[in-house]
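S.K.: build the 3D model from these lines:
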Amino acid sequence: MNGVRVLVGTRKGGFILTSDARRKRWVVSGPHFAGWEIYHLKGSSIDPNRLYASQTSDWFGQVIQRSDDGGKTWAPVGNKFAYEGVPGTHQWYDGTQHPWEFKRVWYLEPSLSDLETVYAGVEDAALFRSSDGGQTWQEHAALRSAEGHLWQPGGGGMCLHTILQDPSDPGRIFIAISAAGAFRTDDGGQTWLPVNRGLQSRYELPDPNAEVGHCVHNLAMHPSRPGVLFMQKHWDVMCSDDAGASWHEISGNLPSDFGFPIAVHAHEPDTIYVVPIKSDSEHYPPEGKLRVYRSRSGGNEWEALTRGLPQRNCYVNVLRSAMTVDSLDPCGVYFGTTGGQVYASADSGDSWTPIVQNLPAVLSVEVQTLP
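M.R.: Sure, this is the predicted structure:
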């Protein structure tokens, strides 16, 4: 019988939650790397035993950890990220040479086609690739030629926080940067294009046609339709039907179009999930009611999913990487909060159960389907 492994990164360590396909009872392992910020835990879709962790602290810096036994044991892998030019410097976005501040790895994305290849999105914004299981890393420096001089930090820093691979085209990758926007490569990273036409950032960008400088919070796609993208922006929930060449708003009847995560149902490409937050200054659910919103029509028409979620005096946040779905049937949906709860739904969002509580603030939630 299939099972699932939920990978949870928090402010003070990583946790691994496992269950069988019924997703009723959970075994909790952790904390792994206790006391460290675990910005992202991500597993390979090729080998479920291969896991990566982004381990960070203000004192010891950034470490990449790898497990080859499903998280039972871990070992640090190559943590030297190679840049163009002199080590410790970076060709800055305006073309001048300045010290380049490497703060942390926000996102790890194992390749869909090669077990030893993994991508890393970092702050300050850059994309790196390893072809030897994380031992050595090289920057995709061509990304900065996509109007990099116009990039700017968002509230969480200038981070490359989302990496999406097209399962039908190994050369096509989408990334998102706060606050620069979304970008696409069709040739494995040799060239990059901004893909933000149709986005509006009225308060930050007075030019309505500006294609770089937008604060994109997250991107999602369904593997059966990689040309259709969904976006949670700083304000607005958006959709693109042409691989990011143009965008239109699908916020519809949401109580707020501000939020961080967005996810797509594993078997229904038009079913999407968001968690609205009151505003960019009040990072908690509208009316203090924790609600996931689901659209079964690709947006515009949304329903509140509340069964099992607190509907009074709830002031937690759900961060950009803290929501995901599994591939079982019915589809499971998972999210974690800054209050340390991880909620799961084994019925596509109709009802929710806290599968673990009282963790440190949750930074990321990912899931693997196990054989």
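
S.K.: give me the contact list for the host helix or strand of Val365.
M.R.: Taking DSSP states H and E as the definition, one finds Val365 inside strand 362-370. Strand 362-370 is contacted from outside by 2-11, 18, 37-43, 45, 48, 319, 321-328, 332, 334-338, 340-342, using CB atoms under 8 Å, 6 or more residues apart in numbering. C-beta here means a position set from N, CA and C on the backbone, and glycine is covered the same way.

S.K.: and for Ala266, the neighbour number?
M.R.: For Ala266, the tally of surrounding residues (other CB atoms under 10 Å) stands at 21.

S.K.: does it really touch Val333, like I thought?
M.R.: No - Ala266 is not in contact with Val333 according to CB atoms under 8 Å; the separation is 9.2 Å.

S.K.: hmm, back to that, in strands, which of the contacts of strand 362-370 appear?
M.R.: Among the contacts of strand 362-370, DSSP state E puts 3-10, 18, 37-43, 323-325, 334-336, 342 in strands.

S.K.: what's the local residue count around the nearest residue to Leu160 once chain neighbours are set aside?
M.R.: Of all residues not flanking Leu160 in the chain, Gly121 sits nearest, at 3.4 Å (CB to CB, 6 or more residues apart in numbering). As a burial measure, Gly121 scores 23 neighbours (other CB under 10 Å).

S.K.: ditto for Arg225
M.R.: 13.

S.K.: now for it: which residues touch it?
M.R.: Neighbour list for Arg225: Pro269 [criterion: CB under 8 Å, 6+ apart].

S.K.: next one: it from Val212, what distance?
M.R.: For Arg225, the distance to Val212 (CB to CB, to the nearest Å) stands at 26 Å.

S.K.: follow-up on the earlier one: now do the shared contacts for Ala266 and Val333.
M.R.: Listed as contacting both Ala266 and Val333 by CB under 8 Å, 6+ apart are Val325.

S.K.: among the contacts of strand 362-370, which ones are buried?
M.R.: 3-11, 18, 37-43, 45, 319, 321-326, 328, 332, 334-338, 340-342 (16 or more other CB atoms under 10 Å).

S.K.: centroid residue for the chain?
M.R.: Against the mean C-alpha coordinate of the chain, by CA atoms, centre = their mean, the closest residue is Ser321 at 3.7 Å.

S.K.: where does that one land on pLDDT?
M.R.: Looking at Ser321, its pLDDT is 98.

S.K.: identify the bridge partners of it.
M.R.: Ser321 has these beta-bridge partners by DSSP bridges: Ser364.

S.K.: dump the residue contacts of it.
M.R.: Here Ser321 is in contact with 9, 39-40, 106-107, 161, 218, 261, 363-366 (CB under 8 Å, 6+ apart).

S.K.: next: Gly198.
M.R.: Counting by CB under 8 Å, 6+ apart, Gly198 makes contact with 238, 240, 246-248.

S.K.: again with Gln152
M.R.: For Gln152, the contacting residues are 158, 179-180, 213, by CB under 8 Å, 6+ apart.

S.K.: cool, Ser67 as well?
M.R.: The contact partners of Ser67, by CB under 8 Å, 6+ apart, come to 49-53, 73-75.
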